[in-house]
Every structure is written in C-alpha cells, then in structure tokens.
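# below are the sequence and a predicted model; questions follow.
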Amino acid sequence: MSTTIRHLTRENLTRPLVQISLDLTNNDEALRTAAVAVESGVDWIEVGTPLVLAEGLHAVRALRKEFPDNPIVVDLKTMDGGYLEAEMMGDAGADAVLVMARAHDATIEAVVNAGERFGMLVMGDDLAEPDRVAACRRLEGLGVGMLIHHIGYDHRNMHPELGLSPLSELTDIVAATSVPVQAVGGLTIDEAIRCPEAGAPVVVFGAPLAIDGKTFSPASGDLGRVLTEAASRVHAAEIRYPASA
Ligand SMILES: O=C([C@H](O)CO)[C@H](O)[C@H](O)COP(=O)(O)O
C-alpha cells in the first residue's frame, strides 16, 4: 500500500514532489505512461478526468495494482453526491480525491467526511471561481487538506489573449492559506518546475507533457529521459513560502 498522504501538511512536506496527470482515455496508455513516469522518479499518479470518464474505477484499480507504492489522486471534479463518489474511489484504492470550490458547502463537507472515513486526502479545486483567494480560504475552512489553484483548459484556450497562468495568483493563495497548495493548468514542464519556489511543493506535469516547446508521449521514446531530468530538477528545488497574508 502507498505511503498515506492523508495528513500532508506544509511542515511535513519537506521536499518537492512530482505528480503526473494522466489525462488519457484508455487504461493501456495510462499504464504505459505511468510506468515510464514512475521509473523516471515521478511520485504521485493522477487519474485525470478523461481517464475517470473513460475507464472509471477500472483505471483506479489497475493503477493501484500496478503501482502499490505511489499515491493515486483521482480528479473527479466532484460537484454533488460527494460522499458516494469519494467512497467508490477510496474502495478502489485512491489516496486522494478532488472536490470543486464551486460545489455547495454540504458537498465539500461530505467529501471531507469520506476522506476521513476512507483515509484519503481531499483536494479542493478553485477552477472558475471569481475570487480565488476567498475560494481557497473557504475550502480550507471546510476541511480540505490541499488546495488546487487551477486555470481551466477551456478558459485558457478560448481566451488566449488573457495570458492566463496559475502561477500569477499562486503566491497570494499560498500566503492566505496554511494547507499545501498546487498550481495546475497549462504549465509546461519548465514552468511547473518553478512551483516549489512559489510555495507549491507538489508539482503537476499535465498534458501536453511539454518542455522547450516540444511535447512528449510514451510513443516518442524520449518521455523517460525528459521526465527523469524534470523530476530530478523538481526534487532538487527549494520550497519557499511567502509571508502569510
Ligand atoms: O484537470 C485538468 C483539466 O481540467 C482537464 O480535465 C487537467 O488534469 C489539468 O488541467 C492538468 O493538465 P494541464 O491543464 O494540461 O496542465
């Protein structure tokens, strides 16, 4: 069984970690990508939303079986019926689940309860919130154990003129809260590596897996080399927290 991440805090998260987001649509590709990633030093495996939709609990169970020592995060983007969704993922072997800040307080509390019951970290996602700092404070107040500052795929792609990046408001959110924070949404590997020094120690490599303007997949053959270099750069990075707000 993987090391529990249920009680992660800024204090006990003493070195940066790498999470790979498997935003894929079938288990074969997910397992192949995860194998390369884990071999390259990636710490956490995320079952991305497309993978949850395509393969559901089978993806969680398959990854759990193949990678017993790596924490598995399931990006459910829960908006309602929170307890049952989280319970199903916990039963399948998930170590962390995601609930949206846009959900009702009752849903966030239900997921937090399920997290306690099934030993999972609950991550709260601020996607599409107009006031990200307030949303993250509220999520923390409702008991989530980690915050995700997330610029959505559609928002970024429909409005490239806005130059949206999760790095821009990151330090404000870190300063306003006390649980660990993660920055997600369109970051290249080069950008993601800068997260620990902005106070976000669990770095997400999303899709595309891009570095120096080039994207990689298991089929490209270079994925392992790129991830090994990127993971070692993250592991060597310094975590710096801004002064509290
Ligand atoms: O959560 C995600 C997004 O909403 C699509 O489901 C992605 O996993 C996350 O954004 C990471 O991928 P990138 O945005 O490509 O960095």
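Ah, there it is.
# excluding its backbone neighbours, what's nearest residue 192?
Of all residues not flanking residue 192 in the chain, residue 203 sits nearest, at 4.9 Å (CB to CB, 6 or more residues apart in numbering). Where C-beta positions appear, they are placed from N, C-alpha and C, glycine not excepted.
# and that neighbour, what are its bridge partners?
Beta-bridge pairing for residue 203 (DSSP bridges): residue 18.
# strand partners (parallel or antiparallel) of the helix or strand where residue 148 lies?
Take DSSP states H and E as the rule and residue 148 turns out to sit in strand 146-150. Sheet pairing of strand 146-150 (DSSP bridges) gives strand 121-125 (parallel), strand 181-184 (parallel).
# residue 68 sits in which helix or strand?
Applying DSSP H and E, one finds residue 68 in no helix or strand.
# against residue 21, how distant is it?
Separation of residue 68 from residue 21 (CB to CB, to the nearest Å): 20 Å.
# tell me the confidence at the residue lying farthest from the centre of the chain?
Distance from the centre of the chain peaks at residue 161, with 25.7 Å (CA atoms, centre = their mean). Model confidence at residue 161, given as pLDDT, is 95.
# was I right about residue 64 contacting residue 72?
Yes: Residue 64 is within contact range of residue 72, at 6.0 Å (criterion: CB atoms under 8 Å).
# what do those two both touch?
93-94 (CB atoms under 8 Å, 6 or more residues apart in numbering).
# between those two, which is the more surrounded one?
Between residue 64 and residue 72, counting by other CB atoms under 10 Å, residue 72 is the more crowded of the two (27 against 19).
# and that one, backbone torsions?
Main-chain dihedrals, residue 72, degrees, to the nearest 10: phi -110, psi 120.
# same deal with residue 76?
phi -80, psi -20.
# how about the helices in this structure?
Ranges of helices within the chain are 27-39, 49-55, 57-66, 82-92, 105-118, 132-141, 153-158, 170-176, 189-192, 223-236, based on DSSP state H.
# could you tell me the least trusted of those helices?
Looking at these, the bottom one is helix 189-192 with a mean of 84.
# elements contacting that helix?
With contacts defined as 3 or more CB pairs under 8 Å, 6 or more residues apart in numbering; DSSP states H and E, the packing partners of helix 189-192 are strand 202-205, strand 209-211, helix 223-236.
# tell me the mean pLDDT over the shortest one?
Averaged across strand 209-211, the pLDDT comes to 63.
# now do the first one
Averaging pLDDT along strand 202-205 gives 93.
# picking up where we left off before, for residue 68 and residue 21, indicate the residue with more neighbours.
residue 21 (21 against 11).
# ok, that one touching residue 50?
No: assessed by CB under 8 Å, residue 21 is found out of contact with residue 50, at 10.0 Å.
# could you list which residues are in contact with residue 199?
Applying CB under 8 Å, 6+ apart, the residues near residue 199 are 170-171, 174-175, 181, 239-242.
# for PyMOL, write the selection for the buried entries among those.
Listed next is the PyMOL selection for buried residues among those, using 16 or more other CB atoms under 10 Å:
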select buried, resi 170+171+174+175+181+239+241
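# out of the contacts of residue 199, which one sits closest to the ligand?
Distance ranking of those against the ligand, using CB to the nearest ligand atom, places residue 170 first at 13.9 Å.
# so that closest one touches residue 181, yeah?
Yes: between residue 170 and residue 181 there is a contact at 7.1 Å, judged by CB under 8 Å.
# overlap in contacts of the two?
149, 199-200.
# what residues does the chain have near the ligand?
Neighbours of the ligand within the chain, by CB under 6 Å from any ligand atom: 21, 23, 48-49, 75, 152-153, 184-187, 204, 206-207.
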